[in-house]
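[1] I would like to see how this sequence folds:
(one chain, ligands or ions: 1)
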Amino acid sequence: MVKKQFKAESKRLLDLVINSIYTNKEIFLRELISNASDAIDKIYYKTLTDDSLTFNKDDYYIKIVPDKTNRVLKISDTGIGMTKEELDENLGIIANSGSFAFKNENELKDGHEIIGQFGVGFYSAFMVAETVTVISKAFGSDEAYKWESKGVDGYTIEPWEKDSFGTDIILKIKENTEEENYDEYLEEYRLKSIIKKYSDFIRYPIKMDITSTRLKEGSENEYEEYTEEQVINSMVPIWRKNKNELTKEDYDNFYAEKHFGFDKPIKHIHLSVDGMLSYKAILYIPEKPPFDFYTKEYEKGLELYSNGVLIKEKCADLLPDYFAFVKGIVDSEDLSLNISREMLQHDRQLKLIAKNIKNKIKSELENLLKDDREKYEEFFKSFGRQLKYGIYSDFGTNKEFLQDLLIFYSSKEKKMVTLDEYVSRMPEEQKYIYYASGESIEKIAKMPQTELVLDKGFEILYFTEDIDEFAINMMMNYKGKEFRSVSSSDLGLETDENEDSSKSDEKENKELLEKMKELLSNKVKDVRISKRLKNYPVCLANDGELTIEMEKILNSLPNNQNIKAEKVLEININHDVFKALKDAYESDQDKFNLYTDLLYNQALLIEGLPIEDPVEFTNNISKLMV
Ligand SMILES: Nc1ncnc2c1ncn2[C@@H]1O[C@H](COP(=O)(O)OP(=O)(O)OP(=O)(O)O)[C@@H](O)[C@H]1O
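    Numbering: from 1, shown residues only. Model prediction:
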């Protein structure tokens with residue numbers, strides 16, 4: 001028997017396949033099973049065009065048989081098989097795909113399922129096998145042949161015996177090395193899990209003899225081993241089924257089976273898109289974030305299938321970061337895969353699918369917001385923060401896309417409201433969308449800065465998450481209405497009348513205010529008569545873009561630059577405390593200094609900021625008491 005050499009280029013290519021193309025050795029099984037499935041498909045297509053043939057589904061299957069003793073793994077199929085010439089051409093020339101040629105010859109365009117196209121998958125077997133033997137009998141032929149190779153040094157072909165048509169691939173599994181455990185490819189449970197992972201939705205049954213134990217008949221404590229042939233794959237993927245055939249429970253079960261989460265999804269989206277672009281998808285909006293969701297460790301992505309074969313477990317390109325919480329699968333025949341089938345080249349189709357999916361998720365969230373507020377609020381509790389990050393990041397590129405998905409607690413409604421709802425009920429004279437930031441709704445409700453705005457009957461949105469103000473700053477406005485913090489020194493509420501009276505108050509108390517400013521010179525930018533306070537004696541406001549809440553957040557970050565908001569101490573001229581302050585100013589300088597210090601510290605406390613010198617502060621209070 002003559003040993004044939006692989007063509008020169010083929011040798012290099014073979015080396016590439018074995019050592020570089022695939023990052024994961026276990027995929028050899030996916031490749032061989034895909035070939036077997038293609039081989040059965042080819043018979044199926046033949047029966048479509050040849051009336052003398054019938055396709056009896058039960059006759060077609062793939063069988064996996066591990067033999068630990070001899071270190072042999074056999075993958076058999078009842079497919080179309082190969083003639084001597086085909087063995088030579090398809091397995092002797094690397095990158096020659098008989099399947100690709102078959103697709104072209106038979107002009108299988110739409111709805112084709114054939115997986116092979118590059119003509120390299122078969123050789124991935126050499127990643128785990130020292131010898132690969134192929135015994136094949138072509139459909140309609142009386143002769144069988146054996147092809148055998150140990151890899152780079154060539155292959156042999158000789159006549160062989162085989163009862164029925166189809167192909168057996170026999171792998172002599174490599175011995176273990178220090179780095180690599182090859183034994184696992186002979187273990188029943190491991191093979192089963194590889195099949196489930198990559199080939200669960202191959203349309204033909206993948207069978208294996210599975211050994212289990214059971215109670216011996218008639219005995220109460222004696223067990224026996226028994227072996228039973230089982231079909232390992234589910235065959236028909238749920239996403240290929242008709243929506244009408246599926247219940248919510250089916251979708252929930254699939255979510256659990258796929259380990260997308262321990263929770264129950266809030267919503268599922270089943271897409272079946274045909275036309276220029278065709279794909280199927282099942283997407284889930286989970287109820288709860290996974291424990292690592294808001295950490296760097298969390299990996300977003302959807303499972304990507306091509307013709308039911310798993311290509312990528314987490315295809316990140318399919319989801320924008322702001323929808324990173326979405327789980328699910330996408331299956332498309334239209335993807336241009338690269339040779340390793342593991343990565344996709346920058347694929348136009350993939351981009352289109354991603355865009356489609358993004359829009360679909362958004363519209364489904366909008367529907368949820370409209371139709372089931374309670375559920376939406378539950379969702380928002382879990383993932384609202386991610387949407388806000390989406391508005392803030394990428395320099396606000398996505399702000400318009402996402403803004404209508406935001407909800408905030410409203411002082412007026414005492415519940416979560418959308419920006420659209422807020423703006424649509426704004427009185428004509430209200431210039432801004434007001435918001436107040438703080439740790440919790442309860443704390444914000446007590447903020448002195450909210451008094452005037454509330455008094456005017458205007459609604460305030462309560463911001464309790466650290467990202468809120470940053471996101472809103474990025475948005476700048478909503479439907480032409482600017483956002484304004486209630487702590488801002490300019491609330492846009494001044495009427496001419498109170499503007500005049502506050503001006504005369506400022507004038508009247510100019511020296512007192514100047515003196516206070518001097519005493520607090522390195523702490524506040526200015527001391528002013530407040531236009532907003534009613535019941536409280538003092539508060540802090542801010543000039544400029546950076547609010548006091550933002551200062552707190554920035555300074556809580558590692559490597560913070562100790563950034564300071566421009567603070568203004570505001571005093572309520574109508575409060576009794578002011579009268580006492582004025583008296584002290586006129587008669588007792590020490591007392592005035594003491595009061596100034598106390599008022600400033602009170603303002604800090606109300607704002608939730610730390611007092612710079614707590615010992616001095618308590619001493620000062622003591623001074624008042626004695
Ligand atoms: N079990 C099989 N039965 C019949 N023909 C097979 C079988 N396995 C491989 N072949 C033939 O060998 C060719 C080469 O297989 P190989 O897996 O290398 O490439 P492919 O499946 O065509 O493409 P890809 O690299 O995309 O998997 C196939 O196109 C097919 O014609």
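
[2] which parts of the chain sit against the ligand?
    With C-beta under 6 Å from any ligand atom as the criterion, the chain meets the ligand at residues 31, 35-36, 39, 77, 79-82, 90-91, 97-100, 116-123, 167. C-beta here means a position set from N, CA and C on the backbone, and glycine is covered the same way.

[3] one more time with 5 Å
    Applying C-beta under 5 Å from any ligand atom, we find that the chain lies next to the ligand at 35-36, 39, 79, 90, 97-99, 116-122, 167.

[4] Residue ranges of each domain in this structure, please.
    Domain assignment of the chain by automatic domain parsing yields the ranges 8-214, 238-373, 406-485, 496-625.

[5] can you put the ones you listed in CSV and add mean neighbour count and mean pLDDT?
    Formatted as CSV, those follow (neighbours: other C-beta atoms under 10 Å; pLDDT from 0 to 100):
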stretch, mean neighbour count, mean pLDDT
domain 8-214, 18, 90
domain 238-373, 17, 90
domain 406-485, 18, 94
domain 496-625, 16, 87
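
[6] how about TSV for these, with distance to residue 225 added?
    Compiled in TSV, the domains of the chain are given as follows (distance: least, C-beta to C-beta, whole Å):
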stretch	distance to residue 225
domain 8-214	5
domain 238-373	28
domain 406-485	58
domain 496-625	58
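
[7] Now do the contacts for the residue in the stretch 401-550 of the chain that the ligand sits nearest to.
    Ranked by C-beta to the nearest ligand atom, the top residue of the stretch 401-550 of the chain for proximity to the ligand is residue 401, at 37.3 Å. Contacts for residue 401 (C-beta atoms under 8 Å, 6 or more residues apart in numbering) come out as residue 362.

[8] Now do the helix or strand where it lies, average pLDDT.
    In this structure, residue 401 sits in helix 399-402 according to DSSP states H and E. Mean pLDDT, helix 399-402: 96.

[9] ok so, going back, so which of the domains of the chain is nearest residue 385?
    Nearest of the domains of the chain to residue 385, taken as C-beta to C-beta: domain 406-485 at 5.8 Å.

[10] For residue 243, see how far away residue 142 is.
    In this view, residue 142 and residue 243 are 48 Å apart by C-beta to C-beta, to the nearest Å.

[11] swap in residue 388?
    Counting by C-beta to C-beta, the gap from residue 388 to residue 243 is 33 Å.

[12] so residue 601 sits in a strand?
    No - counting by DSSP: H, G, I helix; E, B strand; the rest coil, residue 601 is not part of a strand but helix.

[13] what sits against it?
    For residue 601, the contact set (C-beta under 8 Å, 6+ apart) comprises 611, 617, 620.

[14] Quick check: end-to-end length of stretch 470-486?
    The first residue of stretch 470-486 is 15 Å away from its last residue (C-alpha to C-alpha, to the nearest Å).

[15] what's in contact with that stretch?
    Applying C-beta under 8 Å, 6+ apart, the external contacts of stretch 470-486 come out as 388-389, 391-392, 395-396, 399, 403, 406, 419-420, 423, 426, 431-437, 447, 449-450, 453, 460, 463, 469, 490-492, 532, 542, 545, 547, 549-550, 553.

[16] which helices and strands does whichever strand or helix holds residue 255 pack with?
    Element membership for residue 255, per DSSP H and E: helix 248-257. Here helix 248-257 touches strand 267-273, strand 279-285, going by 3 or more C-beta pairs under 8 Å, 6 or more residues apart in numbering; DSSP states H and E.

[17] ok, what's across the strand from residue 283?
    Applying DSSP bridges to residue 283 gives these bridge partners: residue 269, residue 328.

[18] Contacts only, for the residue of the stretch 351-500 of the chain found nearest the ligand.
    Per C-beta to the nearest ligand atom, residue 353 is where the stretch 351-500 of the chain lies closest to the ligand, at 20.7 Å. For residue 353, the contacting residues are 277, 279, 281, 318, 330, 332, by C-beta under 8 Å, 6+ apart.

[19] what's the most distant pair in the residues you listed?
    Longest span within those, C-beta to C-beta: 277 and 318, 13.3 Å.

[20] follow-up on the earlier one: in the helix holding residue 401, which residues are buried?
    399, 402 (16 or more other C-beta atoms under 10 Å).

[21] Please state the offset of that helix from the chain centre?
    Offset of helix 399-402 from its chain centre (C-alpha atoms, centre = their mean, to the nearest Å): 18 Å.

[22] do stretch 571-587 as well
    57 Å.

[23] which residues sit against it?
    505, 509, 512, 515, 527-530, 533-538, 591-592, 594-596, 599.

[24] again, 6 Å this time
    Applying C-beta atoms under 6 Å, 6 or more residues apart in numbering, the external contacts of stretch 571-587 come out as 505, 512, 529, 530, 533, 537, 538, 591, 592, 595.

[25] Any chance of these in TSV with secondary structure as columns?
    Written out in TSV, the entries for those read as follows (three-state DSSP):
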residue	secondary structure
505	helix
512	helix
529	strand
530	coil
533	coil
537	coil
538	strand
591	helix
592	helix
595	helix
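
[26] Next, the contact list for the closest residue to residue 25 other than its chain neighbours, please.
    Nearest residue to residue 25, sequence neighbours excluded (C-beta to C-beta, 6 or more residues apart in numbering): residue 127, at 4.8 Å. Going by C-beta under 6 Å, 6+ apart, residue 127 touches 18, 25, 28.

[27] Can you say which of the domains of the chain is nearest to residue 220?
    Closest of these to residue 220 is domain 8-214, at 12.8 Å (criterion: C-beta to C-beta).

[28] ok, residue 190 - contacts?
    Neighbours of residue 190 in contact, by C-beta under 6 Å, 6+ apart: residue 184.

[29] can you tell me how far it sits from residue 29?
    From residue 190 to residue 29 the distance is 10 Å (C-beta to C-beta).

[30] Distance from whichever strand or helix holds residue 482 to the middle of the chain?
    Element membership for residue 482 (DSSP H and E) is strand 481-485. Strand 481-485 has its C-alpha centroid displaced from the chain centroid by 31 Å (C-alpha atoms, centre = their mean).

[31] Just to check, residue 304 is in contact with residue 311?
    Yes - using C-beta atoms under 6 Å, residue 304 is in contact with residue 311, at 4.8 Å.

[32] How about the residue most central in space within the chain, nearest residue that isn't a chain neighbour?
    The chain has residue 324 as the residue nearest its centroid, 2.5 Å off, counting by C-alpha atoms, centre = their mean. Among residues not flanking residue 324 along the chain, residue 300 sits closest, at 3.7 Å (C-beta to C-beta, 6+ apart).

[33] how much space between the spatially closest residue to residue 383 that is not a sequence neighbour and residue 260?
    In space, and not counting its chain neighbours, residue 383 is closest to residue 325: 4.8 Å by C-beta to C-beta, 6+ apart. Distance, residue 325 to residue 260, using C-beta to C-beta: 11 Å.

[34] how close does residue 307 get to residue 586?
    In terms of C-beta to C-beta, residue 307 sits 89 Å off from residue 586.

[35] Just say helix, strand or coil for residue 260.
    When classified by three-state DSSP, residue 260 comes out as coil.

[36] May I ask you to confirm that it is in contact with residue 328?
    No - using C-beta under 6 Å, residue 260 is not in contact with residue 328, being 7.3 Å away.
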